[in-house]
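Novice: next input, structure requested:
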Amino acid sequence: MTRIGSATPTHWYNLAADFPEPLPPALHPGTGQPLEPADLEPLFPRALIEQEVSTERFIEIPEAVQEVYAKWRPSPLIRADRLERALGTSARIFYKYEGVSPAGSHKPNTAIAQAWYNAQEGTTRLTTETGAGQWGASLALACSLFGMTCEVWQVRASYEAKPYRRHQMEVYGSTCHSSPSELTEAGRALLAADPQTTGSLGMAISEAVEVAATSEGVHYALGSVLNHVMLHQTVIGQEAIAQLHAAGVEAPDVVFGCAGGGSNLAGLTFPIIGRNLTEGTASRVVACEPAACPTITQGEYRYDYGDVAGLTPMLKMHTLGADFVPPAIHAGGLRYHGMSPMVSHAVELGLMEAVAVSQDEAFAAGITFARAEGIIPAPESTHAVAAALAHARDAADGEVILIGLSGNGVLDLPAYEAYL
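Specialist: Residues are numbered from 1 along each chain as shown. As a prediction, the model looks like this:
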């Protein structure tokens with residue numbers, strides 16, 4: 001393994017500034033009219049609302065956020081030379097490894113920012129949902145750093161299968177509930193309809209939004225999907241571009257990132273797509289999603305709710321339907337029924353393509369990667385690894401492949417054990 005260094009960005013990059021066509025607006029769930037910034041004030045601080053609708057190309061990262069980022073950023077870009085030899089490929093494979101963060105994934109890149117902006121407005125408690133638990137743990141971490149707590153609703157399938165994520169949140173001083181729960185109207189209605197439901201991110205969002213909207217001094221935070229979340233994650237791709245340049249690579253030939261709600265994928269690829277649009281580079285970008293929740297490859301591109309109860313704004317996105325309940329796959333972070341509007345827009349404009357990967361194929365690739373590179377990827381990340389390995393076996397001589405390794409799988413070992 002060869003690690004390449006770089007500096008951490010001082011600004012987030014906003015792809016909305018360079019889209020050939022403007023992003024379709026979010027719609028009010030009650031009126032169906034384009035959402036006004038004031039409509040979001042019960043849930044989010046003003047600074048994040050401004051970022052949500054911004055078309056500025058670069059937005060400065062607050063100094064306090066940069067100081068926390070510096071604890072682990074820049075994250076390493078690593079040449080996977082041992083993996084190359086194991087595959088017998090003549091391609092050059094690099095991976096951007098986000099598992100070095102305190103929470104073990106890319107999620108703190110936005111959790112730190114969201115917590116700081118909320119703290120600036122005097123918020124003391126946040127609510128959120130989580131799938132595998134990476135986001136819930138990251139927001140709990142961020143809240144602990146800025147004197148807040150958070151209340152997390154975790155999809156039941158992951159809550160039961162991944163107890164250490166809940167323990168991680170509790171260590172940071174926050175709480176975690178299985179979703180659907182008896183604590184909210186939305187949760188009680190869902191349990192009445194199906195007491196044995198495995199849950200979904202759409203259900204957990206309904207519960208978290210309900211509590212935030214009906215509680216004084218409480219805001220909601222989302223770990224993916226929304227524009228400001230995509231924005232915060234672009235430190236990943238900006239670093240990767242600089243690190244590849246230091247390794248003598250002008251631009252990667254093809255980039256693979258796992259896709260659930262879209263934040264890791266966007267963070268890695270949006271700065272690269274921006275270069276394709278403004279500088280004439282020609283990097284191919286591939287979103288890698290689970291075959292059990294094939295939002296881009298099989299979903300419809302239309303307006304839909306972000307949650308089951310219809311409490312959230314309607315977003316123009318690829319969707320399987322807000323009431324879709326995916327199987328209880330191990331990649332809990334990829335079980336969302338919709339896809340980020342910005343990612344969906346990029347796909348519709350032909351700036352990105354997508355593939356679906358089966359769970360067995362993903363875990364097989366994760367094991368190959370671990371035995372060659374020493375890092376056990378998060379189950380979510382294995383989807384990007386699987387698509388990259390399939391491509392690498394027939395890649396052209398010297399082709400540069402970039403993989404987004406969104407997190408480590410240290411707390412996901414029971415999932416690997418089940419596969420083995």
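Novice: return the residues in contact with the spatially most central residue of the chain.
Specialist: Nearest to the geometric centre of the chain sits Ser263, at 3.1 Å (Cα atoms, centre = their mean). By Cβ atoms under 8 Å, 6 or more residues apart in numbering, Ser263 lies in contact with His106, Lys107, Thr110, Gly223, Ser224, Val225, Val229, Met230, Gln233, Ser340. Bear in mind the C-beta positions are built from the backbone N, C-alpha and C, glycine included.
Novice: take those residues and keep only those in helices.
Specialist: Thr110, Val229, Met230, Gln233 (DSSP state H).
Novice: max pairwise distance over those: which two?
Specialist: By the measure Cβ to Cβ, Thr110 and Met230 form the most distant pair in the ones in helices among the contacts of Ser263, at 8.7 Å.
Novice: low-confidence ranges in the stretch 251-400 of the chain?
Specialist: 328-333 (pLDDT under 70).
Novice: please enumerate the strands of it.
Specialist: 254-258, 284-290, 300-305, 314-319, 353-357, 400-405 (DSSP state E, counting those that start in this stretch).
Novice: list the contacts of the first one.
Specialist: By that I understand strand 254-258. Counting by Cβ under 8 Å, 6+ apart, 264-265, 268-269, 272, 283-289, 331, 334, 380-385, 387-388, 391, 399-404, 406 sit against strand 254-258.
Novice: quick one on the thing from earlier: now pLDDT, distance to Thr8 and neighbour count too, for the ones in helices among the contacts of Ser263, in TSV please.
Specialist: Output for the ones in helices among the contacts of Ser263, formatted as TSV (pLDDT from 0 to 100; distance: Cβ to Cβ, whole Å; neighbours: other Cβ atoms under 10 Å):
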residue	pLDDT	distance to Thr8	neighbour count
Thr110	98	15	29
Val229	98	19	29
Met230	98	18	29
Gln233	98	13	29
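Novice: circling back to that earlier point, excluding its backbone neighbours, what's nearest the residue nearest to the centre of the chain?
Specialist: Ser224 (4.1 Å; Cβ to Cβ, 6 or more residues apart in numbering).
Novice: what is the neighbour count of the one you found?
Specialist: 27 (other Cβ atoms under 10 Å).
Novice: against Gln134, how distant is it?
Specialist: Distance, Ser224 to Gln134, by Cβ to Cβ, to the nearest Å: 10 Å.
Novice: swap in Ala356?
Specialist: Taken as Cβ to Cβ, the span from Ala356 to Gln134 is 21 Å.
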